[in-house]
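In: Sequence and predicted structure below; questions after.
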Amino acid sequence: MSSKQGSSMQNQAYQFIRQKIALCEFAPNQMISESQLQEELGFSRTPVREAIGRLAQEGLLKVFPKRGIMVSGISIGDIHQIFEVRLLVEPYVIRTCHSELDLEEISRFSQIFHAHVSGENQVSDFYALDDEFHSYLISGLKNDYLLDLYDRIRTQNIRLRIMSGQFIQSRIDQTMMEHAQIADACLKKDWEQAALAMTEHLRYSKESSLATILQNSTPDIF
């Protein structure tokens, strides 16, 4: 096997495992088997082990020699740090990079959000839409350093969205309403209002995430 093939397999294994973690298919604190991953992927030990090592460096997995591999949880401290980054980056993008955004695309999002809020058309995959909306707004950012910083927390963002939605179902409808407010302000080109609406949305999301974790008696439920 060439080094190029090995690198490709390692990246495929990395993306596969990372996606499973992000969507909570590998639950927080769940033990996973290296041999099972090899079987699912059809890969040899080396690329799977390299992918596991990469994810461990990113804090998504914990490797215990001779004991196994565990999906990392999310603590209260993690939530504070994740939202600290989001509150710094996402309103900033709206205020300073809005010229990169396509208002037709924003209008498409707005129509979906309003249709859900009115009950006209309920969104079937809320989590995918939620991630798509935030990712689209972030795509306007041209600062590679901030993009790298945001990418580091992206998987944790997705996990928090899914887990908060599962524990606090009413949060989904409220989120759609908040998204609609952000999109509508963008359509009016009132970028300051859009940034403020994003800030408010992120604060509510943080409160929801903290409420979710506090429903469990352990300090690191995720």
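Out: Noted; the coordinates are in hand.

In: which stretches of this protein form helices?
Out: 3-22, 34-41, 45-57, 76-96, 103-118, 126-138, 144-167, 170-187, 191-214 (DSSP state H).

In: Map the structural domains onto the sequence of the protein.
Out: 3-71, 76-214 (automatic domain parsing).

In: now the last one: mean pLDDT?
Out: Regarding domain 76-214, the rounded mean pLDDT is 90.

In: CSV please, covering the domains of the chain and showing mean neighbour count.
Out: To be clear about C-beta, it is placed using only N, CA and C from the backbone, and glycine gets the same treatment. As requested, these are exported to CSV (neighbours: other C-beta atoms under 10 Å):
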stretch, mean neighbour count
domain 3-71, 15
domain 76-214, 17
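
In: Of all the helices of the chain, which one is nearest M70?
Out: Comparing these by their distance to M70 (C-beta to C-beta), the top pick is helix 45-57, with 10.0 Å.

In: Need the contact partners of the closest one.
Out: Helix 45-57 is touched from outside by 6, 9-14, 16-18, 21, 34, 37-38, 41, 61-63, 69, with contacts defined as C-beta atoms under 8 Å, 6 or more residues apart in numbering.

In: do that again at 6 Å, thanks
Out: M9, Q10, A13, Y14, I17, L37, Q38, L61, V63 (C-beta atoms under 6 Å, 6 or more residues apart in numbering).

In: Out of the helices of the chain, the one nearest P28 is which?
Out: Shortest separation from P28 across the helices of the chain is recorded for helix 144-167, at 7.5 Å, computed as C-beta to C-beta.

In: Counting by contacts, list what the closest one packs against.
Out: helix 3-22, helix 76-96, helix 126-138, helix 170-187, helix 191-214 (3 or more C-beta pairs under 6 Å, 6 or more residues apart in numbering; DSSP states H and E).

In: what's the offset of that helix from the middle of its chain?
Out: Distance, stretch centre to chain centre, for helix 144-167: 3 Å (C-alpha atoms, centre = their mean, to the nearest Å).

In: Just the CA coordinates for it, please, in PDB.
Out: Extracted as PDB, the C-alpha positions of helix 144-167 are listed here (Å, rounded to 0.1, in the frame of the first residue of the first chain):
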ATOM      1  CA  ASP A 144      -7.900  31.100   8.400                       C
ATOM      2  CA  TYR A 145      -6.900  31.300  12.000                       C
ATOM      3  CA  LEU A 146     -10.500  31.900  13.200                       C
ATOM      4  CA  LEU A 147     -11.700  29.200  10.800                       C
ATOM      5  CA  ASP A 148      -9.300  26.700  12.400                       C
ATOM      6  CA  LEU A 149     -10.400  27.700  15.800                       C
ATOM      7  CA  TYR A 150     -14.100  27.300  14.900                       C
ATOM      8  CA  ASP A 151     -13.500  24.000  13.200                       C
ATOM      9  CA  ARG A 152     -12.000  22.600  16.500                       C
ATOM     10  CA  ILE A 153     -15.300  23.000  18.200                       C
ATOM     11  CA  ARG A 154     -17.600  22.100  15.300                       C
ATOM     12  CA  THR A 155     -18.000  18.500  16.300                       C
ATOM     13  CA  GLN A 156     -18.800  19.500  19.900                       C
ATOM     14  CA  ASN A 157     -21.300  22.000  18.600                       C
ATOM     15  CA  ILE A 158     -23.200  19.300  16.700                       C
ATOM     16  CA  ARG A 159     -23.200  17.000  19.800                       C
ATOM     17  CA  LEU A 160     -24.500  19.700  22.000                       C
ATOM     18  CA  ARG A 161     -27.300  20.600  19.500                       C
ATOM     19  CA  ILE A 162     -28.400  17.000  19.300                       C
ATOM     20  CA  MET A 163     -28.300  16.300  23.000                       C
ATOM     21  CA  SER A 164     -30.000  19.600  24.000                       C
ATOM     22  CA  GLY A 165     -32.700  18.900  21.500                       C
ATOM     23  CA  GLN A 166     -33.200  15.400  22.900                       C
ATOM     24  CA  PHE A 167     -33.400  16.400  26.500                       C
END
